[in-house]
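Asker: Need a 3D model of the sequence below.
(one chain, ligands or ions: 2)
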Amino acid sequence: MTADTITAADIRINARWLIPVEPEAVVLEHQAVIIQGDRIAAVVSQAEADRRFRTRETIDLAHHAVLPGLINVHGHAAMSLFRGLADDLPLMTWLNDHIWPAEGAFVDEAFIADGTQLAMAEMLRTGTTTFSDMYFFPEIAAQAAHDVGMRAQISFPLLDFPTAWGSGPEEYLSKGAAFIEQWQDNTYITPAIGPHAPYTVSDGPLTQAVELSAATGAPIQIHLHETEFEVVDATGKNGQRPVARMAGLGLLGPNTQCVHMTQVDDEDLRAVADSGAHVIHCPESNLKLASGLCPVQRLADAGVNVAIGTDGAASNNDLDLFGELRTAAMIAKVVAGDASALSAHQALAMATLNGAKALGRDHELGSLVAGKLADIIAVDLSDPFLQPVYDPASHLVYSNHGRAVSHSWINGVPQLQDGKLTRIDVADLMLRVDSWKQRIRKQQAQ
Ligand SMILES: CSC[C@H]1O[C@@H](n2cnc3c(O)ncnc32)[C@H](O)[C@@H]1O
Ligand SMILES: [Zn+2]
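Answerer: Ligands and ions are numbered 1, 2, ... in the order given. Model (predicted):
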């Protein structure tokens, strides 16, 4: 018998349970994940790791499930500063009477910097390693994510009307093109195009968005078919459903992420499936705003890639993707009339590999496979509320809330150690959040 060659590497994570997501629906025991630089060098049994690797650091996670970092494919990060500001309202009242006036009064560069950091603290604390953002001052949000070392798709906003970030479509598109150029080819930040919705962006700017995406490769993310009202109102005004209008403009394709899709008839389904566009399911926001429910199983059966997002904290009201998964799994069963719809493993894939696919990064993110980027989380299953453990995948989806997440690494860099954030000064952040609260509260009282 020949001795194994010993390879030096940076970090070894010893996992009691490992859910690699690829191969699918598998739970392995007593595995080691070896990290070298920003990548996963190997996923092997602990016995094999003893023989083959010497690492400068070993982390023993004897009561933990280790899995790929979660990917939150839709949100408005800085809206965390508006959490709980306007509840119990339907979408258009919430937007027109509360959120858009508040954004008009408060959104500026400092708001985005602090609000995005607040959102990142919550997401990191609950297992998200990559998020997608659609909000104002994308250059500030991108810098905030880059400074922390969190992976993010950041879409610049595109609307027909002026906001704090731009005077109208022309300015959004020219600033957006510069934003894309600034961040292209960055491992942490993917710049993207964020036309808000069919009812707020007209055909001209939408066509320009499609052209900009084709020229730069930047993904498009749009709110689409969020409510029945949106579809009925648009059909009355334009003579076609929004999905048909988007398809006609060339906006649906493999580089497009359709957020919500609670209204799906057979033609919508065919248009989305044939185009290769992705659907981003945001169940808790859809429930809270009484928007409707996305037919996840029907979409998946038609071959559509369905990923998951929290939406903003002002319509959810949290950014805990494990909680979102639990909700998604529960309602998928009722919507499909089938308790086997969206199993625990399918739900975990939705928050990892499907998210990576939606972002066009499944070759390097979304599963624990040698050669992929080292975006990894660990969940401590030793608490009484997660005992006994028959099936860790079941616990992660049906019993867990994100607070059991104990460790995370992004690009091989530790972000969370024993539940403590390593790269965000939470005490200082809380002071800034409190100061926003005082300002916003004062204005609301007037
Ligand atoms: C173009 S910047 C984002 C814009 O979208 C608003 N927003 C937040 N959540 C939703 C939602 O669920 N549907 C539609 N629009 C939403 C946000 O307040 C910004 O104005
Ligand atoms: Zn949204």
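Asker: which residues sit against stretch 421-434?
Answerer: Residues from elsewhere that reach stretch 421-434 (C-beta atoms under 8 Å, 6 or more residues apart in numbering): 81, 114, 117-118, 120-121, 124-125, 148-149, 414-416. Just so you know, the C-beta spots here come from the backbone N, C-alpha and C atoms, and that holds for glycine as well.
Asker: State the three-state secondary structure for A25.
Answerer: Look at A25: counting by DSSP: H, G, I helix; E, B strand; the rest coil, its state is coil.
Asker: which residues sit in contact with the closest residue to it other than its chain neighbours?
Answerer: Nearest residue to A25, sequence neighbours excluded (C-beta to C-beta, 6 or more residues apart in numbering): H345, at 4.0 Å. Neighbour list for H345: I19, E24, A25, A393 [criterion: C-beta under 8 Å, 6+ apart].
Asker: Show me what the residue of the stretch 151-300 of the chain found nearest ligand 1 is bridged to.
Answerer: For the stretch 151-300 of the chain, the residue closest to ligand 1 is P157, as judged by C-beta to the nearest ligand atom, at 3.3 Å. Residues in a beta bridge with P157, per DSSP bridges, are G194.
Asker: pLDDT at it, what is it?
Answerer: On the pLDDT scale, P157 is placed at 98.
Asker: OK, contacts around the closest residue to A32 other than its chain neighbours?
Answerer: Sequence neighbours aside, A49 is the residue nearest to A32 in space, at 3.6 Å (criterion: C-beta to C-beta, 6+ apart). By C-beta under 8 Å, 6+ apart, the contact set of A49 is R12, N14, A32, I34, A42.
Asker: The same query, at a cut-off of 7 Å, please.
Answerer: R12, A32, I34 (C-beta atoms under 7 Å, 6 or more residues apart in numbering).
Asker: How about V201?
Answerer: L158, L159, D160, P195.
Asker: secondary structure element for A192?
Answerer: Element membership of A192 [criterion: DSSP states H and E] is strand 189-195.
Asker: next helix or strand past that strand?
Answerer: Where DSSP H and E defines the elements, the next helix or strand beyond strand 189-195 is helix 203-216.
Asker: For the stretch 101-250 of the chain, which residues score under the pLDDT cut-off?
Answerer: Applying pLDDT under 70 to the stretch 101-250 of the chain picks out no residues at all.
Asker: Now do the helices in it.
Answerer: All helices of the stretch 101-250 of the chain, identified by DSSP state H, counting those that start in this stretch, fall at 109-125, 138-148, 169-183, 203-216, 228-238, 242-248.
Asker: looking at those helices, which is buried most?
Answerer: Most buried of the helices of the stretch 101-250 of the chain, by mean neighbour count (mean count of other C-beta atoms under 10 Å): helix 109-125, with a mean of 24.
Asker: Before I go, just wanted to say thanks for your time.
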